[in-house]
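Asks: Model the structure of this input:
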Amino acid sequence: MIHHISVAVENPLHVAQVLAEIWQGEYAPFPGHADSYMVMAFDDWGTMIELLPAGTVLVPGSREGDEQAEFTPSGFNPPFVATHAALSVPISYEQIERIAAREGWKVLYCNRQGFFDIIELWVENRLLIELLTPQMAQRYVTFMQPENLKQILANMPVPPAAELINA
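Replies: Numbers count the residues shown, from 1 in each chain. Now for the predicted structure:
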């Protein structure tokens, strides 16, 4: 279970406000981290998104001792990132579409190879957040059940490179 995820965005406060609206949750400053915010779903799992200023990276503390990871400005801010998350939301596609239009963010209803549907929301047109309405989430959870996944994986062709690694 993923309880929280941190992502870097251009305007953490504004993104926090919009994601809280979509999630029907709340946002607050992220304690101890300037210009950073957290969006909380207030669900039974403590689900949260931490929004940090663009270019922020996590660096480990020293190998020896008890120094914890810390957020550090890097000066590196790629236009797109591989990090993304799928989130269940309590609102409809039409509501998400209206919010995205208001923000000028790309939104797209997608079918993932017939297995399940998601909504791609491109936060600030650079960070992908996949959204699942209640109906979509139900289908996604059914698809992701271990017995279903095992059956699908057993029938998938194995790429040649994977065969060599697993041999």
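
Asks: what's the following helix or strand after the lengthiest strand in the chain?
Replies: Criterion DSSP state E: the longest strand present in the chain is strand 116-123. On the C-terminal side of strand 116-123, the nearest following helix or strand under DSSP states H and E is strand 127-132.

Asks: following that next one, which helix or strand comes up?
Replies: The C-terminal neighbour of strand 127-132 among helices and strands, as given by DSSP H and E, is helix 134-143.

Asks: mean confidence score for that next one?
Replies: Helix 134-143 shows a mean pLDDT of 94 in the predicted model.

Asks: Work out the gap between that helix and the centre of the chain.
Replies: Offset of helix 134-143 from its chain centre (Cα atoms, centre = their mean, to the nearest Å): 17 Å.

Asks: cool, and stretch 154-161?
Replies: Between the centre of stretch 154-161 and the centre of its host chain there is 27 Å, according to Cα atoms, centre = their mean.

Asks: how about that stretch as CSV, C-alpha atoms only?
Replies: Taking C-alpha atoms only, stretch 154-161 is exported to CSV below (Å, rounded to 0.1, in the frame of the first residue of the first chain):
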residue,chain,number,x,y,z
ALA,A,154,0.9,-16.5,-17.0
ASN,A,155,-0.5,-15.8,-20.5
MET,A,156,1.8,-12.9,-21.4
PRO,A,157,4.7,-13.5,-23.7
VAL,A,158,8.1,-13.2,-22.0
PRO,A,159,10.5,-10.8,-23.8
PRO,A,160,13.9,-12.5,-24.7
ALA,A,161,15.9,-10.3,-22.3
